[in-house]
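# model this:
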Amino acid sequence: MLKYYRHSGGAVIGADYIESENLVATTSNNNSINLWDSNNYIFRERIPTSEIQLTVKWCEPSKRLFTGGCDSVIHAYDVSELKEIGVREGWNPMKKDKVGHEGPILDLLPIHDQGVLVSCGIDAQICLWNLKNLEGKHTLLGHQLGVYSLEWYADSNILLSAGLDHDIYIWNPYVDHKIFLLRGHNHSLVGVKHLKGTHQIISADISGMFRVWDVRTFTTIQVFNSPLSEINCFALTYPPKRIVAGGRRLAFYDYDEPTGKK
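Next up, the predicted model:
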């Protein structure tokens with residue numbers, strides 16, 4: 001049964017699951033982070049923010065919640081203490097490290113094994129930060145338009161990014177420039193994600209076209225179109241291996257495992 005829960009804190013913009021705390025964190029347009037019990041979705045706590053936070057990501061190993069928003073600032077929170085424990089302002093020519101965004105931050109990606117937090121934004125920049133203290137490391141340049149989505153493929157230690165450009169950018173996070181492009185979409189991308197348990201990544205654009213890629217060869221292995229006329233986002237589940245596409249409705253696609261039978 002599908003249930004709806006009232007949310008008095010404005011329109012939900014971003015959400016992430018805080019596994020160890022059994023909470024769901026959401027950001028909204030009323031300048032707050034809201035924490036919900038993941039078992040019954042009862043509202044638990046609210047953390048006020050100075051600006052609207054467009055993205056929220058939990059890093060389980062470091063027990064930190066990160067947000068980024070309209071003011072180009074990255075925040076780190078201790079959820080158990082309900083307090084901010086770190087902040088990193090946007091680009092400033094007077095800063096020593098010269099790393100920072102010049103516009104809204106649209107996605108964050110904590111990579112604990114690498115000790116970095118990756119951010120991207122409407123300014124087409126991808127910035128890498130020290131995960132512990134948010135000190136700037138360096139910036140990845142190559143996108144011409146805003147970047148909406150980041151993904152990490154741990155098996156090959158590569159970073160993937162997608163956005164208003166029609167291509168998926170492949171990066172070595174220690175090299176300032178892209179190492180490869182995946183081309184095939186004709187519209188702006190809404191995201192790129194690794195399908196856990198496989199060597200495949202999946203991308204989707206606003207027209208509803210999905211492409212499945214083999215990350216070992218960087219080749220397309222499947223293309224299909226969603227019945228939705230336009231999609232705004234998608235997510236992957238595991239298990240079961242499933243794509244959930246979101247637009248005016250939800251569409252679900254299950255992964256067919258090879259059987260080896262002829």
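
# in the stretch 51-200 of the chain, which ranges drop under the pLDDT threshold?
Flagging of the stretch 51-200 of the chain using pLDDT under 70 yields the residue ranges 96-97.

# Show me the strands in it, by range?
If DSSP state E, counting those that start in this stretch is used as the criterion, the strands of the stretch 51-200 of the chain fall at 53-59, 64-69, 74-78, 83-88, 105-111, 116-121, 126-130, 136-140, 147-153, 158-163, 168-171, 180-182, 189-195, 200-205.

# could you dump these to JSON lines with distance to residue 36 and mean neighbour count?
C-beta here means a position set from N, CA and C on the backbone, and glycine is covered the same way. Converted to JSON lines, the strands of the stretch 51-200 of the chain look like this (distance: least, Cβ to Cβ, whole Å; neighbours: other Cβ atoms under 10 Å):
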{"stretch": "strand 53-59", "distance to residue 36": "12", "mean neighbour count": "23"}
{"stretch": "strand 64-69", "distance to residue 36": "13", "mean neighbour count": "25"}
{"stretch": "strand 74-78", "distance to residue 36": "15", "mean neighbour count": "21"}
{"stretch": "strand 83-88", "distance to residue 36": "19", "mean neighbour count": "15"}
{"stretch": "strand 105-111", "distance to residue 36": "20", "mean neighbour count": "23"}
{"stretch": "strand 116-121", "distance to residue 36": "24", "mean neighbour count": "26"}
{"stretch": "strand 126-130", "distance to residue 36": "27", "mean neighbour count": "23"}
{"stretch": "strand 136-140", "distance to residue 36": "32", "mean neighbour count": "18"}
{"stretch": "strand 147-153", "distance to residue 36": "24", "mean neighbour count": "21"}
{"stretch": "strand 158-163", "distance to residue 36": "28", "mean neighbour count": "25"}
{"stretch": "strand 168-171", "distance to residue 36": "33", "mean neighbour count": "22"}
{"stretch": "strand 180-182", "distance to residue 36": "36", "mean neighbour count": "16"}
{"stretch": "strand 189-195", "distance to residue 36": "23", "mean neighbour count": "22"}
{"stretch": "strand 200-205", "distance to residue 36": "27", "mean neighbour count": "22"}
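
# would you turn those into JSON lines with distance to residue 226?
Putting the strands of the stretch 51-200 of the chain into JSON lines (distance: least, Cβ to Cβ, whole Å) gives the following:
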{"stretch": "strand 53-59", "distance to residue 226": "23"}
{"stretch": "strand 64-69", "distance to residue 226": "28"}
{"stretch": "strand 74-78", "distance to residue 226": "33"}
{"stretch": "strand 83-88", "distance to residue 226": "37"}
{"stretch": "strand 105-111", "distance to residue 226": "21"}
{"stretch": "strand 116-121", "distance to residue 226": "24"}
{"stretch": "strand 126-130", "distance to residue 226": "27"}
{"stretch": "strand 136-140", "distance to residue 226": "30"}
{"stretch": "strand 147-153", "distance to residue 226": "17"}
{"stretch": "strand 158-163", "distance to residue 226": "16"}
{"stretch": "strand 168-171", "distance to residue 226": "18"}
{"stretch": "strand 180-182", "distance to residue 226": "19"}
{"stretch": "strand 189-195", "distance to residue 226": "11"}
{"stretch": "strand 200-205", "distance to residue 226": "8"}
